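In: Predicted coordinates and the sequence they were generated for:
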Amino acid sequence: MASREQGPAVSREQGPAVSREQGPAVSREHRPATSREHRPATSREHEPAAPAYREQGPAAAGLLPSSFPTAADQCSPHLLISQQQSPGLTEIMTSPTNLAMFLSVVWLFLLAPGTGGSPSADIFERWMADHGRTYRDEAEKDYRREVFARNLEYVTAFRRDKGRRRSYTVGLNRFADHTKEEFLATYTGGNPPSVAWAPAPPPATVPAPFKYANTTAPSSMDWRDRGAVTPIKDQGNCGSCWAFSSVASIESINQIANGELISLSEQELLACDNTNRKCKGGVHYKAFSFVVAHGGITTEANYPYQPNQTACDYSKLADNAVSLTSYSFVPSHSEESLMKAVANQPVSVSIDASEFMLYAGGIFDGPCEAKLNHEVTLVGYGTDGNGTKYWIAKNSWGTGWGDQGYILLEKDVDRKEGLCGLAIRASFPII
C-alpha cells in the first residue's frame, strides 16, 4: 500500500503502527477505556500526524505521527454520545488561523491528564460543553482528552500542509474525541460487497430495469432546492446508515411523484427488516425490497427512531404512508449512469467513509479506497468555481458533522468505481 496522509486518532494494542495511504488511523482491537499503554508511533516525513486510537493513546510525547491498519467493518456501539451541539469552540477550531495560533500553547497540556487548571483543560471543557459531552469517570475523560489532542494535531497539520492543494477542510467536529476505529465501528454500517459482487435481491421482489439510460442529464441538479429533501437526521450510535439512506431516497421520490415531503420511519426498517442486520449494517436495495414486499412504509411520527429498540412493533406497520412498486440498480462502475439517475431522483449509494470523520466542508477528493462500509444518499451534483465537479451527498450523522450534515464528493474521477467506490453499488426506489 502506498503512503498516505494520516488522519484522526488511532489506537493499537502494542508496538509501532503500520502506515497506510489514506487519512485517519485505525486500531485492530478494543480494550477498556482506562487501559492506555503508550508506545511511540513511527514518524513519517511531510505528512500530517495521525490522531490517537483507543488502545494506544498518543504516541510518546504525542508529537510523532502514527500509522494504522484497515478498520474492520463492524457496527458495535461503544460510547454514549449526546447529539447536542451549539456554536462556540467548534467555530473557532475550524479556522486555520486560530488553530495555528493556539496549537503550540495547548498541545502538550492537552496530553497531560489531570491538568485541571491549565488553558488546555479549559479548551477541552469548552469543546465538551459545545457538544454536550459527558464521560463515565475521570479516567475516561483523561483518555478522551488525549484522543482530542491527537485529533487537534492532525487537523492543524492538515491545514498547514502546503505540499498539495486542498479542496476540502477538516475540523474538530462532534467526533473529535473519537478514534477512527470507534468512529467506523459505531457510525458506519454499510455491508461490503463480496469480491465478485452482483445484485442479489431477496426473492420477494425483482428489481426493475434501469429506466434512465436514454435520458439527458442537466449540468447540475440539487434536489434540496426543489423541496424534495427532508432535514438532516442522525443515526446515533447504531450502524443504521443503510436505513437512513434508503428512507431519504423514498422520501424524495414521494415528493417528486406526489408533491408531499413526508418524513418516513427509519425505525421500521431497523426493527422489522430482517434481510438487513439492524445496527450491524445493511444495504439500501434490500431495504427497498422490504418496503415493496410489505406494502409500504410508515411515517417517522408514527414509528420514531429508537436505535436501542430493535424488536419490531408490528402494530405500527398497518399505517403505510408511502408505497413502492419496485426499485432499480444503477449500472455499476458508471458515473454517467449515476448522473442520469440523480438528475431524476436522489439515489442511495454505498461508499468508503473511512476518511470522513473530521470532514468539515469543501469538495472531498480523497484519499480513500473502495471498501464499502457506509451508505449515503446522492441528492444532486454540480461544478464549483474552479471547474471541479462534485456530488452532493446527504449523510446521517447530524448537522454537527460536515457541511451542515452534507459532504461534497469529487465527481467524474479517473477510476471506474468513482471516488470512494460510490459508483459500485447504487439503487433507487420506484413509486
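Out: Perfect, thanks for sending it. Residues are numbered from 1 along each chain as shown.
In: Leu270 versus Ser245, what's the distance?
Out: Between Ser245 and Leu270 the distance is 12 Å, computed by Cβ to Cβ, to the nearest Å. The way it works is simple: take the backbone N, C-alpha and C, and place the C-beta from them, glycine included.
In: Between these two, point out the one with more neighbours.
Out: Each of Ser245 and Leu270 has its neighbours counted (other Cβ atoms under 10 Å); Ser245 has more, 34 against 29.
In: where does Glu375 land in three-state SS?
Out: What DSSP: H, G, I helix; E, B strand; the rest coil gives for Glu375 is strand.
In: Name all residues that make contact with it.
Out: Taking Cβ atoms under 8 Å, 6 or more residues apart in numbering as the criterion, Glu375 is in contact with 189-190, 241-242, 244-246, 282-284, 348-351.
In: what's the neighbour count on the closest residue to Val155 other than its chain neighbours?
Out: Distance criterion Cβ to Cβ, 6 or more residues apart in numbering; nearest residue to Val155, sequence neighbours excluded, is Val170 at 5.2 Å. Using other Cβ under 10 Å, the number of residues around Val170 comes to 28.
In: measure Val170 to Asn258 for me?
Out: Distance check for Val170 against Asn258: by Cβ to Cβ, it reads 40 Å.
In: Next: Lys394.
Out: Distance, Lys394 to Asn258, using Cβ to Cβ: 20 Å.
In: One more: Leu270?
Out: To Asn258, Leu270 is 25 Å away according to Cβ to Cβ.
In: Show me where the stretch 51-200 of the chain dips below the pLDDT cut-off.
Out: 51-121, 162-164, 190-200 (pLDDT under 70).
In: hang on, the earlier thing: higher neighbour count, Lys394 and Asn258?
Out: Set Lys394 next to Asn258 and count neighbours by other Cβ under 10 Å: Lys394 wins out with 27 against 11.
In: What's the per-residue pLDDT of the closest residue to that one other than its chain neighbours here?
Out: Of all residues not flanking Lys394 in the chain, Thr377 sits nearest, at 4.5 Å (Cβ to Cβ, 6+ apart). What the model reports as pLDDT for Thr377 is 99.
In: In contact with Thr377: list those residues for me.
Out: Shown in contact with Thr377 (Cβ under 8 Å, 6+ apart): 244-245, 248-249, 252, 346-349, 393-394.
In: For it, list each beta-bridge partner.
Out: Ser348, Lys394 (DSSP bridges).
In: Tell me how far it lies from Ser348.
Out: Between Thr377 and Ser348 the distance is 5 Å, computed by Cβ to Cβ.
In: With Trp127 instead?
Out: Separation of Trp127 from Ser348 (Cβ to Cβ): 33 Å.
In: With neighbour numbers in mind, choose between the two.
Out: Of the pair Trp127 and Ser348, Ser348 is the one with more neighbours under other Cβ under 10 Å, namely 31 against 23.
In: before we move on, the earlier item: what touches both of Ser245 and Leu270?
Out: By Cβ under 8 Å, 6+ apart, no residue touches both Ser245 and Leu270.
In: Distance-wise, check Pro218 relative to Leu152.
Out: Applying Cβ to Cβ to Pro218 and Leu152 gives a distance of 42 Å.
In: Which of those two has more residues huddled nearby?
Out: Leu152 (26 against 8).
In: Name the SS class of the more buried one, please.
Out: Going by three-state DSSP: Leu152 is helix.
In: Might one say that it is in contact with Gly171?
Out: No: Leu152 is beyond contact range of Gly171, at 10.1 Å (criterion: Cβ atoms under 8 Å).
In: Give me the distance between Val376 and Gly189.
Out: 11 Å.
In: Show me the beta-bridge partners of the residue nearest to Val155.
Out: Tyr359.
In: show me what contacts it?
Out: Going by Cβ under 8 Å, 6+ apart, Val170 touches 7, 154-155, 158-159, 358-360.
In: could I get these as TSV with distance to Ala370?
Out: Converted to TSV, the contacts of Val170 look like this (distance: Cβ to Cβ, whole Å):
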residue	distance to Ala370
Gly7	17
Tyr154	23
Val155	25
Phe158	22
Arg159	27
Leu358	21
Tyr359	18
Ala360	23
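In: Let me know the closest of those residues to Tyr135.
Out: Distance to Tyr135, by Cβ to Cβ, is smallest for Leu358 among the contacts of Val170, at 20.1 Å.
In: For Lys141, the count of nearby residues, please.
Out: Neighbours of Lys141 (other Cβ under 10 Å): 19.
In: Now it: closest residue in space that isn't a chain neighbour?
Out: Among residues not flanking Lys141 along the chain, Tyr135 sits closest, at 4.3 Å (Cβ to Cβ, 6+ apart).
In: ok, now Ile392?
Out: Gly380 (4.0 Å).
In: just checking, the one you found is part of a helix?
Out: No: read with three-state DSSP, Gly380 is strand and lies in no helix.
In: from here on, count from 348
Out: Will do, 348 is the new start, and the previous item becomes Gly727.
In: Any figure for the gap between it and Asp572?
Out: From Gly727 across to Asp572, the span is 8 Å (Cβ to Cβ).
In: Likewise for Cys585?
Out: For Cys585, the distance to Asp572 (Cβ to Cβ) stands at 30 Å.
In: which of those two has more neighbours?
Out: Under the criterion of other Cβ under 10 Å, the comparison of Cys585 against Asp572 puts Cys585 first, with 27 against 11.
In: surely that one meets Cys626?
Out: Yes: counting by Cβ under 8 Å, Cys585 does reach Cys626; the two are 4.0 Å apart.
In: Now list whatever residues contact both of Val723 and Gly536.
Out: Cys588.
In: residues contacting the closest residue to Ser567 other than its chain neighbours?
Out: Distances taken as Cβ to Cβ, 6+ apart put Gly729 closest to Ser567, at 4.1 Å, once the chain neighbours are dropped. Gly729 sits next to 566-569, 736-737, 739 when contact means Cβ under 8 Å, 6+ apart.
In: Would you show me how to pick out the buried ones of the residues you listed in PyMOL?
Out: Only the buried entries of these go into this PyMOL selection, using 16 or more other Cβ atoms under 10 Å:
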select buried, resi 568+736+737+739
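In: I'd like the contacts of Gly729 as a markdown table, with pLDDT, secondary structure and distance to Arg772 appended.
Out: Shown next, in a markdown table, are these (pLDDT from 0 to 100; DSSP: H, G, I helix; E, B strand; the rest coil; distance: Cβ to Cβ, whole Å):
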| residue | pLDDT | secondary structure | distance to Arg772 |
| --- | --- | --- | --- |
| Ser566 | 98 | coil | 25 |
| Ser567 | 98 | coil | 24 |
| Met568 | 99 | strand | 21 |
| Asp569 | 99 | strand | 23 |
| Lys736 | 99 | strand | 21 |
| Tyr737 | 99 | strand | 20 |
| Ile739 | 99 | strand | 19 |
